[in-house]
Structures are given as structure tokens and as C-alpha cells.
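Enquirer: Here is the input, now give the coordinates:
(2 chains)
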Amino acid sequence: MSKRLYVTPYRCIDCKVCEQACSLAKTPVPGIPAKPRVQTFKVDDQTNFVLLCLQCDEASCQKVCPTDALVRNPETGAIEVNDRCIGCGFCVQACPFGCMDYDDIHNEYIKCDVCKGDPACAKYCPTGALVWDEKAWTDQEAKERTEKKSTDPFSIALEMAKK
Amino acid sequence: MSKTKTSKTVHLTIDGQNVEAPKGAMILDVTPGLGVEIPSLCAHPGLEPFGACRLCVVEIQKPGWDDWYKQLVTSCLFQVEEGLKVWTNSDEVRQNRKVVLDLLMARVPASDVIRDLGNQYGVTKTSYAEVDTEDTCIMCDICVRACHAIGRDAIASMSRGPDKYVDVPDKDACIGCLVCANLCPTNAIPFTANDNGKRRIWGKEFDLVTDERSGEVLGTTEYIEHVRKRAEDKGLLCPEDMKHESARVKRYGYAQKLSHVADVEEPIEEVK
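Expert: Next up, the predicted model:
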């Protein structure tokens, strides 16, 4: 099974390290960072939220694109924007999750392409909320990761120290 | 297995480099990443090749031809072939591009893009009589093709011969998306992107839809309606008002909408 980006929302502490890592990894011109492909939000004291492309099987962005500029990379399984893009912005309007974006500094349409198989966000995530993992999770692991838990940084650090 | 693979790719030589290319691709499409530079104004990878600007001419030689015999073709319209030899920067090619730039400079003397390209090829002043115009349109039809691609067909080339010009005959068809203006190689389409909630292009004025909460401009009314219809035609049941909360959170910074996520007590049902 190929690798995937796994998100564990309860581990996210909204530190924005993934946004910075993404921004710098995707910088096309040195010195002018790009808009990040991943974003985190604070919902309330207990809940944070990682917004990341889901790489849908039947992706809306891909379907509305008039020039077939969004193509899935068979190696990583991620949909990538290629040079066929004419900049109509239909994909931004069509994505129901808000994961397509327009970078107005570099004038290009952007989405997560898992850094061609080496995602910077997962590399730098300090709490393990974003993991680039090879094996599928067991039921127990999946259950652990979907359960509601505190996002208090101290308790997460404690939990990580125990392992 | 290997037999089918060889029939789908062809091998050619570009400036002495051996290149493997998919069958049916144009010469211009296979040059990125090779370090060869072919200037082009009317070509775009996402649009139909058109061959209007003639700047991408290259010299070719097919296998079996005499050594002295070469042919000039536009690389945006010429398909790769097995054993083809291509020269992208020979004297003959440069001479041809000079003539094209000389003519373009006479046609659109006000264009900075053409002047810069001319300087690269040593054409600083046109040898023909300059047309007295501030217009910088070179009739490359990239706007016409782009408008066709997004499904509006609003822009068309009007009239014939030297009087040919590009315009929007049916003003209702234009949705003010600015794709044509952004793709135009010589910036010949004047527009105002945002002037107090109004957008002006092709002599038409559009109302911009701005989000109340974040103040972000989402597009013109006609543009959003067009995308909604297009999404519906493709069977995507997700118009603007039915979008997932995450889209709203990002677009509007509207985190309260997501608060129900925190209320989920039971873990998601396991798939067996």
C-alpha cells in the first residue's frame, strides 16, 4: 500500500508549523514564500482543525477543469496542477472543502500535492497530528485517533513522552 | 508488453539531445526541461495549438532526407516522429524569427513584449512602415481559444484581412472572469479588476460578489452563476450554499460553524 497523509485532529495544537513548512517548501521564488497548501484553525478551546486536500476519488476540481490541468500522479495518488492551467478559477469555486486556492502573490492556482511524496508539513509537525505513513491503521489505532481528546499541548507532550 | 510501449513513444533528436516523447505530442510540448528555449506568444499547453505568432519556428529533418535538405515548421503544430531531427536555434531559424519580429514591430509598435523579444534577436527598429496605433493585439487568438475552453465563446475575431480585430459581439456572453486578459501575451486587453465593487472589461461593467464577513472578492455575479451551472452539469451537487463547513471556515474565517465537531461523542463507526 502506498503512503498517505494521516490527520489526527485532536493532536493539532494550532502552532502553524505545517503552514510555515509548506509555505517555504513550495516557494517558487526565493525570498517570497508561497501561500500554504495546508491550514489550521482554532474552533474552540478544545478543538483545532487541519484543512488539507482529501485527494478525492471523484474530485470536483478535476471535473470542472476545462483544460484537464488537474491530473492525479499515480506514484503519490495526489492530484496536481500542471502547466495546462489557464487560470479560470473554476476549481476554487467547485471544491466543496475549500482546499483549492489562488496564490495572488505568485499568480498561480495551488493545491496540496504531498510534495511529490515527501510532505514537508508531516516532517515538521511537532505533535504528530500530520503523519506521512505507509501502513494502514488498525481498527484500534483508527478508533484512538477519532476519539475526542484534549488538545492541551501539555497533555499531548506528556502522551508523547510516555511512548 | 514492451512492444506496446515502443509503439506509444517515439525517439527524436532536439539540438543533438536524444529525446523520448509520447506519440502525438507537438515538438514545443516536449522541449520543457531540455534547456532549449523556443520563444512563443500564442502557445499555451492547455489550449488548442493555433500557430498564429510564427515565432516558434524550428528546422526539421526527417529520416531519409538528403543531408542538405531541412524544412522550417512551427513547433507548436508539428507532431513528433520517429527519427526526427530538430534544430531550435540555427542561423536559418534565427533569421526567420527576425523577420517575424520585424513584421510584429511594425504591426504593434507600442508593445513592450515585442520590443524586448526583438532586442533579444537584434531587431531594434522595424524596417517596415509602422502602423499608427496604441493597440498591442497581435491576433494570436489566445483569448478566443481560452473563452471557448471555459465554455462561453464570448470573444471572436471580427472582420477579415488587415481590418481584422478581436471583440465581444455578444456582451451578455462575457462573464468577466479575466482569463483572456491574464493570458494575453502582449497585455492588449484593458480591464479594471476591482473599482469599488465593479469590474470593467470589454466595455461591460460587472457587479462583484464580495463576502460580507471576510471582504474577499469571490468573482462577478455572472461568473459564479456560470461555475454553479457547470458544476451542476457535471453532476456535482455542491453549489455555493451547500459547501462543507471547512470551505466556509477558510473563506470566511467563520470558525463557530464547525463547533458541532467538538460535540461528537461517539467514535466513527468502524468499517468491517
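Enquirer: what residue is smack in the middle of the chain?
Expert: Going with chain A. Central residue of chain A (Cα atoms, centre = their mean): A:L52, 3.1 Å from the mean position.
Enquirer: wrong one, I was asking about chain B
Expert: Centroid check for chain B by Cα atoms, centre = their mean gives B:H44 as the closest residue, at 4.0 Å.
Enquirer: Tell me who's in contact with it.
Expert: A:84, A:86, B:142, B:145-146, B:183 (Cβ atoms under 8 Å, 6 or more residues apart in numbering or on different chains). Yep, even glycine has a C-beta here, placed from its N, CA and C like the rest.
Enquirer: Using the three-state scheme, assign it.
Expert: The assignment at B:H44 comes out as coil when based on DSSP: H, G, I helix; E, B strand; the rest coil.
Enquirer: what does chain A have sitting close to chain B?
Expert: Contacts of chain A with chain B, taken as Cβ under 8 Å from any Cβ of the partner chain, map to A:9, A:39, A:41-44, A:46-47, A:49, A:51, A:60, A:63-64, A:66-69, A:82-90, A:93-99, A:107, A:139, A:142-143, A:146-148.
Enquirer: returning to what we had before: correct me, but the residue nearest to the centre of chain A touches A:Y6?
Expert: No: A:L52 sits out of contact with A:Y6 when judged by Cβ atoms under 8 Å, with a separation of 10.2 Å.
Enquirer: any common contacting residues for the two?
Expert: By Cβ under 8 Å, 6+ apart, the residues touching both A:L52 and A:Y6 are A:L130.
Enquirer: The residue nearest to the centre of chain A: what's it in contact with?
Expert: If a contact means Cβ under 8 Å, 6+ apart, then A:L52 has A:5, A:7, A:37-38, A:99, A:112, A:121, A:130 as its contacts.
Enquirer: follow-up on the earlier one: restrict the residues of chain A next to chain B to the buried ones and give me that as a ChimeraX selection.
Expert: Burial among these is assessed by 16 or more other Cβ atoms under 10 Å in any protein chain shown; the matching ChimeraX selection reads:
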select /A:9,39,41,43,47,49,51,60,63,64,66,67,69,84,85,86,87,88,89,90,93,94,95,96,97,98,99,142,146,148
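Enquirer: quick one: stretch B:14-21 near chain A?
Expert: No: using Cβ under 8 Å from any Cβ, stretch B:14-21 stays clear of chain A, with a minimum separation of 15.9 Å.
Enquirer: May I see the buried residues of that stretch?
Expert: Residues of stretch B:14-21 classed as buried by neighbour count (16+ other Cβ under 10 Å): B:14-15, B:19, B:21.
Enquirer: Flag the shaky bits of chain A, pLDDT-wise.
Expert: Where chain A drops to pLDDT under 70, the residues are A:1, A:44-45, A:135-139, A:141-163.
Enquirer: sorry, back to before: ok, the residue nearest to the centre of chain B to B:E222 distance?
Expert: As defined by Cβ to Cβ, to the nearest Å, B:H44 lies at a distance of 24 Å from B:E222.
Enquirer: Dihedrals phi and psi, the residue of the stretch 1-150 of chain B found nearest chain A?
Expert: For the stretch 1-150 of chain B and chain A, the shortest gap (Cβ to the nearest Cβ) falls at B:G46, measuring 3.4 Å. Dihedral angles of B:G46 (phi, psi; degrees, to the nearest 10) stand at phi -90, psi -10.
Enquirer: same thing with A:V81?
Expert: Dihedral angles for A:V81 - degrees, to the nearest 10 - are phi -90, psi 120.
Enquirer: ok, now A:T40?
Expert: Torsion angles at A:T40 (phi, psi; degrees, to the nearest 10) stand at phi -120, psi 150.
Enquirer: State the distance from it to A:A21.
Expert: Using Cβ to Cβ, A:T40 is found at 12 Å from A:A21.
Enquirer: Mind picking the one among the contacts of A:L52 that's closest to chain B?
Expert: Comparing every one of the contacts of A:L52 with chain B (Cβ to the nearest Cβ), the shortest separation belongs to A:C99, at 7.7 Å.
Enquirer: quick one: secondary structure of the closest one?
Expert: Counting by three-state DSSP, the backbone at A:C99 sits in coil.
Enquirer: Helices of chain A, start to end?
Expert: With DSSP state H, the ranges of helices along chain A come out as A:17-25, A:60-64, A:90-94, A:120-124, A:139-146, A:153-162.
Enquirer: how about the nearest residue to B:V209, chain neighbours excluded?
Expert: Once flanking residues are discounted, B:V209 sits nearest to B:L218: 4.8 Å by Cβ to Cβ, 6 or more residues apart in numbering or on different chains.
Enquirer: Residues touching the helix or strand where the one you found lies, excluding its own?
Expert: If you go by DSSP states H and E, B:L218 is part of strand B:217-220. Outside strand B:217-220, the residues within contact range by Cβ under 8 Å, 6+ apart are A:89, A:93, B:175-177, B:194, B:199, B:206-211, B:224, B:227.
Enquirer: Then stretch B:24-31?
Expert: With Cβ under 8 Å, 6+ apart as the test, stretch B:24-31 has contacts from B:14, B:19, B:21, B:38, B:40, B:43, B:45, B:49, B:56, B:58, B:60, B:73, B:75-80, B:86, B:88.
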